[in-house]
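**Q** Turn this into a structure:
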Amino acid sequence: MNWKSLIIAGALGLTGVHVALADDQKTDGRLTSELTFSAIDRHDNGYIHQGDLEAFRSDVFASMDYDDDKRVTYEEFAAWDPGFSALADEKGKSDAYVTATKIVFAFWDRDRDGEITESEMRHAMNADFRRADIDDDAVLTEDEFLNGFIIIVAIKAAIRPDL
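**A** As a prediction, this is how the structure comes out:
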C-alpha cells in the first residue's frame, strides 16, 4: 500500500469507517474503490442497502455543497474526491478523469440547469443502485458496487481498465 492509500485509509479510519489493510497486489484505484465501498457500508456487513446509500448520499451532498444553497454546481461536485483525482494525475489521465466526472454530473443533473439538487442526487444514486444490483436482491455486494455503480465504472474507464 503506497502513501496515498495510507492517507485515504487513515482519513476514512478517523471518520469511524472500518478499513481492512489490503494486500499489495491491488491497484491504488481498486483500494480507493474498496475504501469508498467501506465508507458506504457503515455497519461493516459486506453489503450496501438503500439506507446505507441514502445516509452516505446525504453526507456527501452536504460536504459538496460548500455554499449551503442546497444545490451542487459542477465545480463543487468536482472538488469532492475520495482520492481518484490524484490517481488520475499520477497515471497522466487527468483530462479523461475530468471528462468522466462531467459525464456523471450531466447524468445526475436531470433538469440540465447546471446544478444538482438533493432530489436529483437521490434519484440518480437510487437509479445507479438499481442498475448495479445485478441479482436484484436490494443490496449491493462489494463486487456489484465496484463493477456496476456508475461513478466507479466511469472513473475506472477513465483512469485504467484494471482499476
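**Q** Please look at Ala157 and Ala100 and confirm they touch.
**A** Yes. Using CB atoms under 8 Å, Ala157 is in contact with Ala100, at 6.7 Å. Yep, even glycine has a C-beta here, placed from its N, CA and C like the rest.
**Q** The two: who's more crowded?
**A** Neighbours were counted for Ala157 and for Ala100 using other CB atoms under 10 Å; Ala100 has more, 22 against 14.
**Q** where does this protein dip in pLDDT?
**A** 1-25, 161-163 (pLDDT under 70).
**Q** Try it again at 80.
**A** Along the chain, the parts satisfying pLDDT under 80 run over 1-29, 160-163.
**Q** ok, which stretches of it are helices?
**A** For the chain, applying DSSP state H gives helices covering 3-14, 28-40, 50-64, 74-79, 84-91, 94-108, 118-132, 142-148, 150-159.
**Q** The last one to helix 28-40, inter-axis angle?
**A** Following axes from the mean of the first three to the mean of the last three CA atoms, to 10 degrees, one obtains 170 degrees for the angle between helix 150-159 and helix 28-40.
**Q** Name the residues that touch helix 150-159?
**A** Residues from elsewhere that reach helix 150-159, judged by CB atoms under 8 Å, 6 or more residues apart in numbering: 29, 33, 36, 84, 87-88, 91, 93, 96-97, 99-101, 103-104, 107, 128, 131-132, 145-147, 163.
**Q** One more: the fifth one?
**A** When contacts are taken as CB under 8 Å, 6+ apart, the neighbours of helix 84-91 outside the stretch itself are 4, 28-29, 32, 94, 96-97, 155, 158-160.
**Q** how much space between the residue lying closest to Ala124 once chain neighbours are set aside and Phe145?
**A** Closest residue to Ala124 apart from its sequence neighbours, by CB to CB, 6 or more residues apart in numbering: Trp108 at 4.0 Å. With distances defined as CB to CB, to the nearest Å, the gap from Trp108 to Phe145 amounts to 17 Å.
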